[in-house]
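Asker: how would this look folded up:
(chains A and B)
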Amino acid sequence: MLAFLGRRLLSSAVVLLGATFIVYMLLSIALDPLEELYASSAPNREQLIESRIDQLNLDTPAAIRYLMWLQGAAGCLIGQCDLGTSWVTGQSVTAMLGSAFPATATLVSVAIVVAIALGVTVGIASALRQYTGFDYGVTFMSFVLYSLPSFWVAVLLKLWGAIGFNDFLADPVISPQAVAGISLIGGLVWQAIVGGAARRRAVTFLVAAGATAAMLTFISATGWLLDPSLGPVAIGVVGVAIAFGVTALSAGLRNRRALHSALTVVALGLALYYPLQFAFQPAYASGLLMVGLAVVAAGSGLLVGWLFGGPDRGQSMRGAAITAVLVGALIAVDRLMQVWQLYSSSSRVGGRPIATIGSQTPGLSGDYWIETMDTFTHLVLPTIALILISFASYTRYSRASLLEVMNQDYIRTARAKGLPERVVTVRHAFRNALIPLATIVPLDIANLFGGAIITERIFAWSGMGTMFITGLDRDDANPIMGYFVVVGMMLVVANIIVDLVYAALDPRIRVNA
Amino acid sequence: MSAPTPQTPDTSTHHDPVENVENAIELKEVEGLSQGRIVLRRFVRHRGAMVAAFALVSIVLLATTSIGWGPIPGWWKHSFTSLNPVVNPGGAPTISFEGGLSFGEHPFGQDNVGKDVFALVMRGTQQSLLVMFIIGLLASTIGIVMGSLAGYFRGRLDNLLMRFTDMVITIPIIMVGAILGAMVGGASPVGLAVALSFVTWTSMARLVRGEFLSLREREFVDAARVAGASHGRIMFKHMLPNAVGVIIVNATLLMASAILLETALSYLGFGINFPDVSLGNLINQYQTAFSTRPWLFWWPGLFIVAIALCVNFIGDGLRDAFDPRQRRIPSRRSMSKKG
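Answerer: Okay, here's the model as predicted:
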């Protein structure tokens, strides 16, 4: 294992070295820091050119300059990073990265998590309903998403998602026609997902359309969008639905112990609703507290499942823990919603909550919840713009991979020995279908970092993409190299992690081999 | 990238009984036809791909004939550079569907100085299509050469070429594209396309390598080697034709991503630049005018989406045509009807 890691690290280091060299040489050809001076008509032009050549060492060959740059960069290994300075602003590249990296990292990591979660879910659903209307619909949608230029979508999102939605918020009344249309589409989608015989489809359609219509009417009539909240009742209803859903997927509804432990956890969560409001006070709330609470929730879920006992404790424990974390998240979301009105009516935001520029509202001060809300409103549109393409590819890959697995002999064996379809799908097929997906994650990370260049430009985030673009515009090589070193490192690390995960998931692959 | 990544499974080795029965049905259907004809027949049967192919050909014809190509004049009355008197208020599109379809003077509208948007979009489409085709051809060629050399000779050469491929993959494509774009700096669409081809070949190289690694173990390659064929002959005459399916499918997908890459770079200002027109820089130029002149923004975008969508669908149809493993399985309902 260690030998594998060592060899892998070494070969990645060589690849990264080569790649930085290629980029450095390309940059030395592409960028000409003297261009503006040649064009200038200043009387001391020759002198200026000379001093800039001196400053940037332009009279030494590019390969030697690369070695000098590398010497500074190698300092990172012993904690003394020197990636050079930007000659335009005089700022050191490490300082620039320090301020630019968090914004891009947030954007990319949120995007990748959302894209994987949504894409895999939709892909699996579409594979299980192969050659139905839903499957064709999803396939067509993913083709359309593949073909959308992200910059075009981002501009559209800015116009409709932000400006349009903010205008709508001024008077959030949903017209009856819109309610009818959305419920109709919702009903159609749901009946296509659930499938089955005509009668079952009709019932699903009616229930789904009715529920959607009722919800939209409620939202419109009570002005819910202006001051949204869930409250204990809604949390209870959704929590019970989560308990049933999680149990159905992880243990099957026949397993009464699992179902009861999940429901117990929901009841516990509801009982703790008011005490938690106290813990959520701005004075205490912080990211650390949230993580801690999530761990406590998972732990209590495990405990409840264990107490219910039975022959297969593990299933109840797992189901209860997942339910507990989800219900806890619901309560936190409810608390977050409570600041919505305060946030959107604050003087800095001025009633237009969905932001189009930057990664935070300048000059906005507030407690933990306000800041979280602010991050959220700034993230939502760039994330959508960024995930569209990865979402499509995850959908395609997970669909293809599940279909491939479903045709394997061991699935036939599992069915033949009488296992319920749920166990066959979730335990035998789904897990194995996930394995090949692991290989596309690192490539997707590279794509997302590339895509972030465009997204950051349109939404005016001052992240690494902006750093790259301004560097290229100003013929400033060092920030570009800084950008690339970080992205390349992330990619290499992601690749190694994926190799290890792959070996852990698939016993046929041995990392020592 | 190294040891633990999965190899493409060798499809030739497993023949379970069910597959043999299915093969028998399949064989009856294609009896006496050449490989090419079988593929063509399957492709023609793929409705989505046929519609897409028809649409793409129409777009190519429309773009090339309307404003002409190079010195050859087209049938459209305005050129993309001429300033015309503004017809509708604000230069709104003159196309109308009331009382039959009528195009009017400027069907796609005009911009703020009176340029004809139809001519602009056609010019942009020409440039983007040109870039797309050149990248598709050139990048595929580079990828095929790299991949087949690595897969055929294996050993040191393979190691060297694949490490080089890894290096290129490590660099985000839009980043190196932007650097190269800045380097050739709006020189010409051809220059841009050639530059971009040198970074987009990696997926093709890896696919072809995988295919060659499995092909070179097959009996017919052994036979050719025993008969005394040279390396070049084995690679070109015996192995390459057997890998053509994978290559064509990947080349179409490469073209779809190429047009998105080119438009994105032009949008950022590192691709085709101002005096010339591309679909990406049209959007960049006019995005601020969205609220007053939305047509300036819609038409170029719709053409990008249409081209990319068509190419993707054609690629999907080709994949189905070349790869009978993914053929359509009869649904449970039609199976039970038969029984």
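Asker: List the contacts of residue A:290.
Answerer: Each residue near residue A:290 by Cβ atoms under 8 Å, 6 or more residues apart in numbering or on different chains is listed here: residue A:332. All C-beta atoms are positioned from the backbone trio N, CA, C, and that covers glycine.
Asker: mind checking pLDDT for it?
Answerer: If you check residue A:290, the pLDDT there is 90.
Asker: Tell me the first helix or strand C-terminal of whichever strand or helix holds it.
Answerer: Per DSSP states H and E: residue A:290 is located in helix A:287-308. Note on helix A:287-308: by DSSP H and E, the next helix or strand toward the C-terminus is helix A:313-337.
Asker: I figured residue A:489 hits residue A:16, correct?
Answerer: Yes - using Cβ atoms under 8 Å, residue A:489 is in contact with residue A:16, at 7.2 Å.
Asker: Same drill for the two, tell me which one is more crowded.
Answerer: Per other Cβ atoms under 10 Å in any protein chain shown, whichever of residue A:489 and residue A:16 has more neighbours is residue A:16, with 19 against 14.
Asker: Any idea how many residues pack against the residue of the stretch 401-513 of chain A found nearest chain B?
Answerer: Of all residues in the stretch 401-513 of chain A, the one sitting closest to chain B is residue A:450 (3.7 Å; Cβ to the nearest Cβ). Applying other Cβ under 10 Å, we find 23 residues neighbouring residue A:450.
Asker: average pLDDT across the longest helix along chain B?
Answerer: The longest helix of chain B (DSSP state H) is helix B:117-153. Averaged across helix B:117-153, the pLDDT comes to 92.
Asker: I'd like to know if that helix reaches chain A anywhere along the stretch.
Answerer: No - if you take Cβ under 8 Å from any Cβ of the partner chain as the test, helix B:117-153 misses chain A, and the best it gets is 10.5 Å.
Asker: Run the chain-centre distance for that helix.
Answerer: Helix B:117-153 has its C-alpha centroid displaced from the chain centroid by 7 Å (Cα atoms, centre = their mean, to the nearest Å).
Asker: Flag every buried residue along it.
Answerer: For helix B:117-153, burial by neighbour count (16 or more other Cβ atoms under 10 Å in any protein chain shown) applies to B:117-132, B:134-136, B:138-140, B:142-152.
Asker: Between helix B:117-153 and the following helix or strand past that helix, find me the angle.
Answerer: For helix B:117-153, the following helix or strand on the C-terminal side (DSSP H and E) is helix B:155-170. Relative orientation of helix B:155-170 with respect to helix B:117-153: 150 degrees, computed using axes from the mean of the first three to the mean of the last three Cα atoms, to 10 degrees.
Asker: which non-adjacent residue is nearest the closest residue to chain A within the stretch 201-339 of chain B?
Answerer: Nearest to chain A in the stretch 201-339 of chain B, going by Cβ to the nearest Cβ, is residue B:308, at a distance of 3.5 Å. The shortest distance from residue B:308 to any non-neighbouring residue, by Cβ to Cβ, 6 or more residues apart in numbering or on different chains, is to residue A:147 (3.5 Å).
Asker: isn't the residue of the stretch 201-339 of chain B closest to chain A right up against residue B:258?
Answerer: No - using Cβ under 8 Å, residue B:308 makes no contact with residue B:258, being 9.5 Å away.
Asker: in what helix or strand does the residue of the stretch 401-513 of chain A closest to chain B lie?
Answerer: With DSSP H and E as criterion, residue A:450 is part of helix A:431-459.
Asker: still on that earlier bit, quick one, the helix holding residue A:290 and helix A:313-337 angle?
Answerer: 150 degrees.
Asker: What's the first helix or strand after the helix holding residue A:450?
Answerer: By DSSP H and E, the next helix or strand past helix A:431-459 is helix A:464-473.
Asker: between that following helix and helix A:431-459, how big is the angle?
Answerer: 50 degrees.
Asker: Counting neighbours, which bits of helix A:464-473 end up buried?
Answerer: With burial defined by 16+ other Cβ under 10 Å, the residues of helix A:464-473 counted as buried are A:464-472.
Asker: Take these and write them to JSON lines, including pLDDT and distance to chain B.
Answerer: Below are these laid out as JSON lines (pLDDT from 0 to 100; distance: Cβ to the nearest Cβ, whole Å):
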{"residue": "A:464", "pLDDT": "91", "distance to chain B": "10"}
{"residue": "A:465", "pLDDT": "90", "distance to chain B": "9"}
{"residue": "A:466", "pLDDT": "91", "distance to chain B": "11"}
{"residue": "A:467", "pLDDT": "91", "distance to chain B": "11"}
{"residue": "A:468", "pLDDT": "92", "distance to chain B": "6"}
{"residue": "A:469", "pLDDT": "90", "distance to chain B": "7"}
{"residue": "A:470", "pLDDT": "90", "distance to chain B": "12"}
{"residue": "A:471", "pLDDT": "90", "distance to chain B": "10"}
{"residue": "A:472", "pLDDT": "88", "distance to chain B": "6"}
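Asker: Tell me the one among these nearest to residue A:9.
Answerer: Nearest to residue A:9 among the buried residues of helix A:464-473, counting by Cβ to Cβ, is residue A:464 at 23.8 Å.
Asker: Could you tell me which residues make contact with that closest one?
Answerer: A:97, A:100-101, A:103-104, A:449, A:452, A:456, A:483, A:486-487.
Asker: Scan these and report the most crowded one.
Answerer: Greatest neighbour count in those, by other Cβ under 10 Å, goes to residue A:483: 31 neighbours.
Asker: Hmm, residue A:466 and it touching each other?
Answerer: No - with contact defined as Cβ under 8 Å, residue A:483 does not count as touching residue A:466 (9.8 Å).
Asker: thinking again about what came up before, who's in contact with the residue of the stretch 201-339 of chain B closest to chain A?
Answerer: Listed by Cβ under 8 Å, 6+ apart, the contact set of residue B:308 reads A:146-149, B:256, B:259-260.
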